[in-house]
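1. turn this into a model:
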Amino acid sequence: MKNSIVFFALLLVAFSTIAQEPSKPEHEKRVYLNDGNTYVQKSLPLYLKFSTEPNGKSYDLKSKATANYADPMYLDTEGVNYIRSKWAVDKETMKTASPQQEVLYELYADGLPPYTSSKFSGAPVYKSDKVYYGKGLQVDLTAKDAVSGVETIHYAIDGSYKDYSNTLTLDSEKEYTLYYYSNDNVGNAEATREKSFVVDLTSPTTNHAIDGIVYQSNILAPSTLFKLTSTDGLSGVRVTSYSFDDGGDRNYGNQISMSGLKDGNHTLYYYAIDNVKNTETKSSFEFYLDLIPPKTENEIVGDQYKGNYTYVSERTKINLSATDNKAGVKNIYYRIDGGERFTFDSNFNLPNKLGVHTVKYDANDNVENLSGNSYLTVFVDNKAPETGITYGNPQFFKEGELYINKDTKIKLSPRDAHSGVQATKYAIDGGSMTDYSEFTIPNEGPHTISFYATDNVNNEESKKESKCHVDNTPPVIYHNFSIESTETKEKGGETLNVYPNYTRLYLGATDEKVGTEDIYYSIDGGALTLYSSPQTLDISELNRFGKKKLYEVRIVAKDKLGNESEKTVKFYIGRE
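-> Sure, this is the predicted structure:
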């Protein structure tokens, strides 16, 4: 603390030294002769002497009449004074000159000092609490004196007085006190004049600050502002100017917006001018103005199908992505069906609810440019198809069991109300699944048909089963005659029975699985006739074999699935 006080005291001494006027030189009061005129410093005493010859002995001149005001005497009038004789005497005639006139000796009294003025030029000036000058300051001193004239102009800056001869050039930045005055030829010295002023040669300094969103030091958002701060240590800042790129200068207010700039690279230029026109070298800041928001895209990952809608399954995920021209993507946001807003970080599922769903999404970049809303509308199909099975003809149910034969066509009928059927598969008796087309089962016996369908978004129906029994075996035909054969006969290598002409033929057929449906017969190549038909009398009821000859009876039996068997019976009636 003691050292600080000492230092402060030294500063005071230094300032007081700078501010003090230096000692003036002494200016002797004197008589000045010039151009036949005699100038006397007015306060000097005058002692009058005379001589009767040039360079002869001189005699003191005394005054008895005004002894109190003479020996010495003082001149009372500034400027010209006269020592006079009443009448002039002609030097030739030694008589009073005619016309009469006084003899006058001029003596000039000078008791007033000169007046010195200063002229400051060549530099801008600014006046506030102090007077400030800029570069190129020159000071000219001029003085005037009414009587004896100016002998010397004196000035002092940072030291003792010097005689002024030429214009002063002040080219150092600092605070000055100029002292100056003049003296005349009889030693009258002017009271000191002084001018205090500051020479300011230093330009202001301007810095910029970024107010708002900035990314990686020089990528700026449209809302970001620049702020400029200019400082000047002496005369102060008069104006701060800025421009963008090749544009003209604008006066800075309190902030700079990006309004009117396009997306891309730009340069901010700025500088300040102080009150004495010291101009700062332009500073620059290069930046990228990012006006373009990200571009967003969606990707459906997994089950999907384009129909009346874009159909997806409950397993399908949605991926969102975005790209940005400069600052880079910061976040992607989304809402499902107008619900809560989420930040996207990984693929997500849609609600497992049948029907239409909408994803609204957008993205912002690292300088908060927000894209417009984009929408993805999909139909969540979480229902599997349903498949029915239809057996064609022939078919027959017996005791709850379905019987078909090798010709029975089997049809699967898948239905899906939303995305539609993609594929239908079936297998018989646990075999490998096969793509469906209408089919039959050739092999005799019981069978199990497994089947299912898949829709266009891969919803798979639970496997279904249908059982059936394939019966390809026709009935077994039986025949009996009403009487025993009496003898046999050879015909074409065959041994045939011979029956009397009143013989009747009885027909029958049995079927193991589904039973016999119909029996037909024809005699000797005639038309087939339904056996035991209520509309006709058949061979078991009428005597159809009255002629003696070889008979050939064709018998056809069908079961309830249309499986058909055939048998031919040859025999003779009587002897030919």
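
2. can you show me the helices along the protein?
-> 2-19 (DSSP state H).

3. show me the residue sitting in the middle of it in space.
-> Most central residue of the chain, judged by C-alpha distance to the mean C-alpha position with Cα atoms, centre = their mean, is residue 369 at 3.6 Å.

4. pretty sure it contacts residue 292?
-> Yes - between residue 369 and residue 292 there is a contact under Cβ atoms under 8 Å: 6.5 Å. C-beta: built from backbone N, CA, C; applies to glycine.

5. who touches both of those two?
-> Contact criterion Cβ atoms under 8 Å, 6 or more residues apart in numbering; residues shared by residue 369 and residue 292: residue 324.

6. so how far does stretch 389-405 reach from one end to the other?
-> End-to-end distance of stretch 389-405 (Cα to Cα, to the nearest Å): 16 Å.

7. do the same with stretch 427-439
-> Note: stretch 427-439 ends 11 Å apart using Cα to Cα.

8. if you count neighbours, what's buried in that stretch?
-> Buried residues in stretch 427-439, counted by 16 or more other Cβ atoms under 10 Å: 427-428, 436.

9. and of these, the nearest to residue 133?
-> Of all the buried residues of stretch 427-439, residue 436 has the smallest distance to residue 133: 104.9 Å, by Cβ to Cβ.

10. contacts for stretch 370-378, please.
-> Under Cβ under 8 Å, 6+ apart, the answer for stretch 370-378 is 293-296, 298, 300, 304, 309-312, 316, 318, 322, 350, 356-364.

11. buried subset of the residues you listed as a ChimeraX selection?
-> Buried subset of the contacts of stretch 370-378, written as a ChimeraX selection, criterion 16+ other Cβ under 10 Å:
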select :293,294,296,298,300,304,309,310,311,312,316,318,322,350,357,359,360,361,362,363,364
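
12. now, which of the contacts of stretch 370-378 lie within strands?
-> Within these, residues falling in strands by DSSP state E are 295-296, 298, 300, 304, 310-312, 318, 322, 356-364.

13. any low-confidence regions in the protein?
-> By pLDDT under 70, the low-scoring segments of the chain are 1-19, 533-542, 575-576.

14. re the thing from before, can you list phi and psi of the spatially closest residue to the residue nearest to the centre of the chain that is not a sequence neighbour for me?
-> Distances taken as Cβ to Cβ, 6 or more residues apart in numbering place residue 293 nearest to residue 369, at 4.0 Å, with adjacent residues excluded. Backbone geometry at residue 293, expressed as degrees, to the nearest 10, gives phi -70, psi 170.

15. quick one, what contacts residue 293?
-> Per Cβ under 8 Å, 6+ apart, neighbours of residue 293: 324, 363-365, 369-372.

16. adding distance to residue 256, write those residues out as TSV.
-> Shown next, in TSV, are these (distance: Cβ to Cβ, whole Å):
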residue	distance to residue 256
324	25
363	28
364	24
365	22
369	20
370	23
371	27
372	28
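
17. what's the closest of those residues to residue 34?
-> Using Cβ to Cβ, residue 369 comes nearest to residue 34 of those, at 88.6 Å.

18. show me what contacts the closest one?
-> Here residue 369 is in contact with 221-222, 290-294, 324, 327 (Cβ under 8 Å, 6+ apart).

19. tabulate the CA atom coordinates of stretch 236-251 in PDB.
-> Taking Å, rounded to 0.1, in the frame of the first residue of the first chain, the C-alpha atoms of stretch 236-251 are listed here in PDB:
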ATOM      1  CA  GLY A 236     -13.900   8.300 -29.300                       C
ATOM      2  CA  VAL A 237     -15.800   6.400 -31.900                       C
ATOM      3  CA  ARG A 238     -17.800   8.500 -34.400                       C
ATOM      4  CA  VAL A 239     -19.200   5.700 -36.600                       C
ATOM      5  CA  THR A 240     -19.000   2.000 -37.000                       C
ATOM      6  CA  SER A 241     -19.600   0.600 -40.500                       C
ATOM      7  CA  TYR A 242     -20.100  -2.900 -41.900                       C
ATOM      8  CA  SER A 243     -20.900  -4.600 -45.200                       C
ATOM      9  CA  PHE A 244     -21.500  -8.100 -46.500                       C
ATOM     10  CA  ASP A 245     -19.500  -9.500 -49.400                       C
ATOM     11  CA  ASP A 246     -19.300  -6.900 -52.200                       C
ATOM     12  CA  GLY A 247     -22.100  -4.700 -50.800                       C
ATOM     13  CA  GLY A 248     -21.900  -1.100 -49.800                       C
ATOM     14  CA  ASP A 249     -21.100   0.100 -46.300                       C
ATOM     15  CA  ARG A 250     -23.900   0.500 -43.800                       C
ATOM     16  CA  ASN A 251     -23.800   2.400 -40.500                       C
END
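
20. where do the domain boundaries of this protein fall?
-> 31-110, 205-289, 295-378, 386-470, 476-573 (automatic domain parsing).

21. between the ones you listed, which gets nearest to residue 145?
-> domain 31-110 (7.8 Å).

22. against residue 148, how distant is residue 29?
-> Going from residue 29 to residue 148 by Cβ to Cβ, to the nearest Å gives 11 Å.

23. to clarify, my last question referred to residue 530.
-> 177 Å.

24. check residue 102 too.
-> Taken as Cβ to Cβ, the spacing of residue 102 relative to residue 148 amounts to 25 Å.

25. who has more neighbours, the two?
-> More neighbours surround residue 148 than the other of residue 102 and residue 148, with 25 against 10 (other Cβ atoms under 10 Å).

26. contacting residues for the more buried one?
-> 32, 34, 39, 108, 110, 184-186, 188.

27. buried ones from those, can you make that a PyMOL selection?
-> Selecting only the buried entries of those in PyMOL, with 16+ other Cβ under 10 Å as the criterion:
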select buried, resi 32+39+108+110+184+185+186+188
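
28. tell me the one of the contacts of residue 148 nearest residue 74?
-> Nearest to residue 74 out of the contacts of residue 148 is residue 110 (Cβ to Cβ; 13.0 Å).

29. what sits closest to residue 25 if chain neighbours are left out?
-> Excluding its sequence neighbours, the residue lying closest to residue 25 (Cβ to Cβ, 6+ apart) is residue 161, at 6.3 Å.

30. correct me, but the one you found touches residue 154?
-> Yes - using Cβ under 8 Å, residue 161 is in contact with residue 154, at 4.5 Å.

31. any common contacting residues for those two?
-> In contact with both residue 161 and residue 154: 24-25, using Cβ under 8 Å, 6+ apart.
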